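Q: Pasting the sequence and the predicted coordinates here, then a few questions.
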Amino acid sequence: MLTDAEKDAIRDHYKTLSDNLPGFRPRAAQRRMLAEIANAFSRSKSIEDGELPERKGESIVVVEGPTGVGKSLAYLLAGGVMAKMRGKKLVVTSATITLQEQLVNRDLPFVIENSGLPLTFALAKGRGRYLCPYRLYGLTAEHAQDALFAPDPALALWDKKPEQAELDTLNILSSAFHQRQWNGDRDSWPTIIDDNLWFRVTNDRHGCLKTSCPNRAECPFYLARDTLENVDVVVANHDLMLADIAMGGGVILPAPDDSFYCIDEAHHLAKKAVNQFAAEHSLAQAMGWLEKVAALSARIETHIAKPELCNDAIEAAAACMETLTEWLWLLGGEPALSASDGNPEPTWLLEDGCLPEHLKQPAGNMALAARMLYKHISGMSDALAEVRRDKPQEAPALDKASTDLGFIVARSEQLNAVWDLFEKESDENAPPIAKWVSRKLDGKGDYQFCASPVSAAASLAATLWRRAAAALLTSATLRSLGEFELLLSQTGLKWLPEVSCIALDSPFNFNEQGELYLPPLSASPKDPAAHTREIADWLPKLIDETQAVGTLVLFSSRRQMQEVASALPDTLRATVQVQGELPKSRLLENHYQRIKDGKASVIFGLDSFSEGLDLPGEACVHVIIAKLPFAMPDDPVGKTLARWIEKRGGNPFIEVTVPEASIKLIQAVGRLIRTEQDWGRVTILDNRITRQRYGKKLLSSLPPFKRI
């Protein structure tokens, strides 16, 4: 139940914001979003006697808020008030870096300054974005005399002789960090740091020495994490939130039970979750690091004095190598992995995620060996940490051993994850696990084992929704074909019957601001060559080269985009910039400059330009969509899901492909009207939208533009 104090606080801060901004017009849709968030968050249930309450989605709300509603202001204000008054953290996540930067650099400071709501906030990042001082000092041996507990310079971490340029860069990084001219955040360094070099100076949770580290007090990651404990709002990306949940929650971000989540760009969440729960490993690389386990275990045994544990790890590694060798022989006879069809990376997709009978035992053996290896290696790591605390005088040698072992722990965890998925039998009533093996025909013939759930719905329901204190999911586009069903199904929210779903009205007058044109094309996209020629013929008729306005042409295929660009008349081609020919920032800069100079400007873009590209006013008065954005299930995960739907009597095209295309089409069309002053036209160059039955559904989901 929402208290009077909470209602008053939200109302007062919203009024203060309105009073502080001349010309601010409170919008009905924004006010409703504020109320829906507050009401949902007020239904949050707390843990009692250490037991999770039964949660049925009563504190979860899904809000589709069209462009112009002011979603971020609504959830920061309502969410911020509710989190502070209920003693929770507000965790705001997004799919893109662009929105994260907008939240931290613009939206949060704006709300705090103008509403009077005293929020503190911080941006959360994964460990891999931060420098590890211990590793950096070990590589450079810089400042070893200045730092009392700096590691022995002899214990450098180079595995090959470094280039002088690498040493120079590391010395610059080390000096800047040591003199507090740099905070150790990769993103705050003024130039790009090479990935291979950064890999040497960052760390992961397995290689980290944690509280035993001599550089713990200056560790950028731990300093950043400590900051998160003292702020009201934590901003992160979906990937970090999902990774934290996968580790049990509360490892990097606040624990789910202590969090009110605001998940923006929520239409990306389901696919990101599927990727989070997937796993893969290379056979050759696994054999490489497995061979090192015996020598490393023997070295570590001298420190921890646990011969049985170390011997168990050696035996488990040997079992893994023996079983992988068996798999190498078994896969050599698999026709799907031959080079007969000319594919440079042939792939064998296991039908329905089921192992053939002759592979079930080898898979079980490998899963058991990988499980035992991970258990024993993790045990060695824990034992080493205990010794490190008890024997500080042996710190340099113990720290080097911990770092080396951390690499093996991380690899064994991944190996275990792959084979845990491979071993699982498919339940015919549940979405299967896609399993496949690919082979690289690069002379080495390495095999890649891959496994992924086709749906993350069950995992999200169990690890996030039933544990979160409260949650908002929002985006400009959440409904597909006018319904929330696809989102609820893919995210697992369908299993929580009390989730609220709200679609807010747009503040724009689409019938007055925009037109929809469906030219009478004769060629179907199913005939790519003819369709491409017809698009090239139509564009000169659709684009006025004499007007100083912008046009955005969106393609589903890079090949078609390039072929159309090449086929244009020279005068029109001179106005066109093609995605990929220039960095995005430079392309947009040129686009605005041409219009400012009184010239027409046309952008040819792919799927990524149909979302998150903001071209208000005359920067975009015409959006031309070359083809309906159908994504064919040609990847292993998509194929496995499609087959599972078919076996259950369904139609994957109607159940998945068309609904997902609806969302993408709405996003593409949404590039046209960005403000209440914008105007323009949308043209769709795909005759299926008028000739196929699903076309009517796609059209009815678009904004109500005037048809011409």
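A: Thanks, I have the structure now.

Q: Double-check Glu64 against Leu472; I have them as touching.
A: No - with contact defined as Cβ atoms under 8 Å, Glu64 does not reach Leu472; the gap is 11.6 Å. (C-beta placed from N, C-alpha, C; glycine too.)

Q: which of those two has more neighbours?
A: Remark: of Glu64 and Leu472, Leu472 carries more neighbours, 28 against 21, as counted by other Cβ atoms under 10 Å.

Q: Pull the contacting residues for Leu117.
A: Contact analysis of Leu117 by Cβ atoms under 8 Å, 6 or more residues apart in numbering lists His13, Leu77, Gly80, Val81, Val111.

Q: Farthest pair within those?
A: Maximum pairwise distance in the contacts of Leu117, criterion Cβ to Cβ, is 10.7 Å, between Val81 and Val111.

Q: Compare the two and say which one has the larger neighbour count.
A: Shown here are Val81 and Val111; by other Cβ under 10 Å, Val81 has more neighbours (28 against 23).

Q: and the one helix or strand that one maps to, what does it pack onto?
A: Per DSSP states H and E, Val81 falls inside helix 71-86. Of the remaining helices and strands, those touching helix 71-86 by 3 or more Cβ pairs under 8 Å, 6 or more residues apart in numbering; DSSP states H and E are helix 4-20, helix 28-42, strand 89-94, helix 108-115, strand 233-237, strand 259-263, strand 470-475.

Q: Just the angle for the last one relative to helix 28-42, thanks.
A: Our comparison of strand 470-475 with helix 28-42, counting by axes from the mean of the first three to the mean of the last three Cα atoms, to 10 degrees, yields an angle of 150 degrees.

Q: and the next helix-or-strand element following strand 470-475, what's its mean pLDDT?
A: Downstream of strand 470-475, the first helix or strand assigned by DSSP H and E is helix 485-491. Throughout helix 485-491, pLDDT has a mean value of 97.

Q: Mind listing what's buried along helix 485-491?
A: For helix 485-491, a neighbour-count test (16 or more other Cβ atoms under 10 Å) marks Leu486, Leu487, Leu488, Ser489, Gln490, Thr491 as buried.

Q: Please apply the same query to stretch 320-336.
A: Neighbour count says stretch 320-336 has Cys320, Met321, Thr323, Leu324, Trp327, Leu331, Ala336 buried, by 16+ other Cβ under 10 Å.

Q: Kindly report the same for stretch 518-530.
A: By neighbour count on 16+ other Cβ under 10 Å, the buried set for stretch 518-530 is Leu518, Leu521, Ala523, Pro525.

Q: Check for me that Pro53 belongs to a helix.
A: No - read with DSSP: H, G, I helix; E, B strand; the rest coil, Pro53 is coil and lies in no helix.

Q: what about it, neighbour count?
A: 14.

Q: Go ahead and confirm it touches Ser59.
A: No - Pro53 is beyond contact range of Ser59, at 10.0 Å (criterion: Cβ under 8 Å).

Q: Overlap in contacts, those two.
A: Jointly contacting Pro53 and Ser59 under the rule Cβ under 8 Å, 6+ apart are Lys45.

Q: helix/strand/coil for Leu702?
A: Once three-state DSSP is applied, Leu702 turns out coil.

Q: which ones are touching it?
A: Leu516, Leu665, Ile666, Val669, Val682.

Q: do Phe508 as well
A: Pro66, Thr67, Gly68, Ile673, Glu676, Asp678, Pro703.

Q: what's the answer for Asp614, then?
A: Asp614 touches Arg674, counting by Cβ under 8 Å, 6+ apart.

Q: Just say helix, strand or coil for it.
A: coil.

Q: Please read off the pLDDT at it from the model.
A: For Asp614, pLDDT reads 89.

Q: and what of Thr403?
A: 82.

Q: and Leu698, how many neighbours does it have?
A: 22.

Q: Which strands and helices lie in contact with the helix or strand bottoming out on mean pLDDT in the chain?
A: Across the helices and strands of the chain, mean confidence by mean pLDDT, DSSP states H and E is lowest for helix 133-140: a mean of 85. Applying 3+ Cβ pairs under 8 Å, 6+ apart, one finds that helix 133-140 makes contact with helix 164-178, helix 195-201, helix 395-423.

Q: same thing but 6 Å
A: On a contact count with 3 or more Cβ pairs under 6 Å, 6 or more residues apart in numbering; DSSP states H and E, helix 133-140 meets helix 164-178.

Q: Sort out which residues of the helix it packs on are buried, please.
A: For helix 164-178, by 16+ other Cβ under 10 Å, it's Glu166, Thr169, Leu170, Leu173, Ser174, Phe177, His178.

Q: Show the average pLDDT along it.
A: 90.

Q: distance between it and the chain's centre?
A: From the chain centre to the centre of helix 164-178 is a distance of 31 Å (Cα atoms, centre = their mean, to the nearest Å).

Q: the inter-axis angle of it versus helix 133-140?
A: Going by the same axes, to 10 degrees, helix 164-178 makes 140 degrees with helix 133-140.

Q: by contact count, what packs against helix 164-178?
A: helix 133-140.

Q: Just list the residues touching Phe484, thanks.
A: Cys501 (Cβ atoms under 6 Å, 6 or more residues apart in numbering).

Q: Next, it: phi, psi?
A: As for Phe484, its main-chain torsions (degrees, to the nearest 10) stand at phi -90, psi 0.

Q: got the domain boundaries for this protein?
A: For the chain, automatic domain parsing gives the domain ranges 4-120+231-274+457-503, 127-212, 278-453, 511-707.

Q: Kindly check the end-to-end length of stretch 460-475 for me.
A: 18 Å (Cα to Cα, to the nearest Å).

Q: Please enumerate the strands of the stretch 301-450 of the chain.
A: 347-349, 433-439, 447-453 (DSSP state E, counting those that start in this stretch).

Q: Of those, give the one that comes closest to Gly482.
A: Distance to Gly482, taken as Cβ to Cβ, is lowest for strand 447-453 among the strands of the stretch 301-450 of the chain, at 28.0 Å.

Q: contacts for that closest one?
A: Contacts of strand 447-453 (Cβ under 6 Å, 6+ apart): 277-283, 331, 418, 421-422, 433-439, 637.

Q: just to revisit the earlier point, now the buried residues of stretch 320-336 as TSV including pLDDT and distance to Asn196?
A: Putting the buried residues of stretch 320-336 into TSV (pLDDT from 0 to 100; distance: Cβ to Cβ, whole Å) gives the following:
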residue	pLDDT	distance to Asn196
Cys320	98	27
Met321	98	27
Thr323	98	32
Leu324	97	27
Trp327	96	30
Leu331	92	30
Ala336	86	34
